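Undergrad: the following block contains a protein sequence and its predicted model.
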Amino acid sequence: MLFRAISELQPTSVLEVGCGPGELSDRMRIELGASVVAVDISARMVELARGRGVDARLGDVQELPFEDRSFDCAVAAWMLYHVPDVDRGLSELARVLRPGGHLVAVTNYLDHLSELRALASAFPDPESTFSGDNGEGLLRRHFATVREHDVGGTIRFPDREAVTRFLQASITLKGAEERLPEFDPPYVVRRHPTIFVATK
């Protein structure tokens, strides 16, 4: 759904911030034929992205090393809630976009996986710097229009082992599997990500 939201914009020059190992940047480059630059604060992630053939650079969204109006699209996928000064990061993203350019920002609502978090006693930070709950308001400070695509749904875990593997694979929930009480499978939880498309 994220890739579809990006492709509908038909971007020609894309900046991805918080690119991680570069899977999305690589796909945009290959499937959309766009010129893509990727940025991450982790030298290792930059190295991995470059290994895919991505033009990846070490950098911080709070101080982007690009001229004003350098890109027609920017992508921030599940990363803005890690930014210490998210308002500054959004200001920088708006700065490097051309007039009429778009930011595609993906995040979660605070109720994302709430049943699973409650089961494992692992609750989200209610002061999340960028979530579905506060994202539109933050984006409107820097962008003329903001559209939201709520892509919530459910995840069905067939057994306890599946829940355990999911928790172990999660950066924010790892370790919570040790607190899992007994429960009757299958276990269904709500997932609640959302995609914002903000236009400069």
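TA: That came in fine, so what should we check first?
Undergrad: which strands border the top strand by length along the chain, and is each parallel or antiparallel?
TA: Ordering each strand of the chain by length in residues (DSSP state E) puts strand 97-108 first. Strand 97-108 has its sheet partners listed here by DSSP bridges as strand 71-77 (parallel), strand 193-199 (antiparallel).
Undergrad: got CSV for those, with distance to residue 147 and mean neighbour count too?
TA: Where C-beta positions appear, they are placed from N, C-alpha and C, glycine not excepted. Formatted as CSV, the strands paired with strand 97-108 follow (distance: least, C-beta to C-beta, whole Å; neighbours: other C-beta atoms under 10 Å):
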stretch, distance to residue 147, mean neighbour count
strand 71-77, 14, 25
strand 193-199, 5, 21
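Undergrad: can you redo these as a markdown table with distance to residue 89 and mean pLDDT?
TA: Shown next, in a markdown table, are the strands paired with strand 97-108 (distance: least, C-beta to C-beta, whole Å; pLDDT from 0 to 100):
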| stretch | distance to residue 89 | mean pLDDT |
| --- | --- | --- |
| strand 71-77 | 8 | 98 |
| strand 193-199 | 13 | 98 |
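Undergrad: and of those, who's closest to residue 43?
TA: strand 71-77 (19.7 Å; C-beta to C-beta).
Undergrad: ok, residues contacting the closest one?
TA: When contacts are defined by C-beta atoms under 8 Å, 6 or more residues apart in numbering, strand 71-77 is touched by residues 2, 6, 9, 11-18, 24, 28, 34, 37, 61, 89, 93, 96-98, 100-106.
Undergrad: and the strands paired with strand 97-108 as a markdown table, adding distance to residue 50?
TA: Output for the strands paired with strand 97-108, formatted as a markdown table (distance: least, C-beta to C-beta, whole Å):
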| stretch | distance to residue 50 |
| --- | --- |
| strand 71-77 | 18 |
| strand 193-199 | 27 |
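Undergrad: do you know which of those lies nearest residue 148?
TA: Nearest of the strands paired with strand 97-108 (C-beta to C-beta): strand 193-199, 5.5 Å.
Undergrad: now the closest one - C-alpha only, CSV.
TA: Extracted in CSV, the C-alpha atoms of strand 193-199 (Å, rounded to 0.1, in the frame of the first residue of the first chain):
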residue,chain,number,x,y,z
PRO,A,193,-0.7,1.9,10.4
THR,A,194,-1.6,5.0,8.3
ILE,A,195,-0.1,6.7,5.3
PHE,A,196,0.0,10.5,5.1
VAL,A,197,0.5,12.2,1.8
ALA,A,198,1.4,15.9,2.4
THR,A,199,1.7,18.4,-0.5
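Undergrad: outside of the longest strand of the chain, which residues touch it?
TA: 2, 5-6, 9, 11, 69-78, 80-81, 90, 93-94, 130-132, 135, 139, 143, 192-200.
Undergrad: try 6 Å this time
TA: Contact with strand 97-108 is made by 2, 5-6, 9, 69, 71-78, 80, 93, 130-132, 135, 193, 195-200, as judged by C-beta atoms under 6 Å, 6 or more residues apart in numbering.
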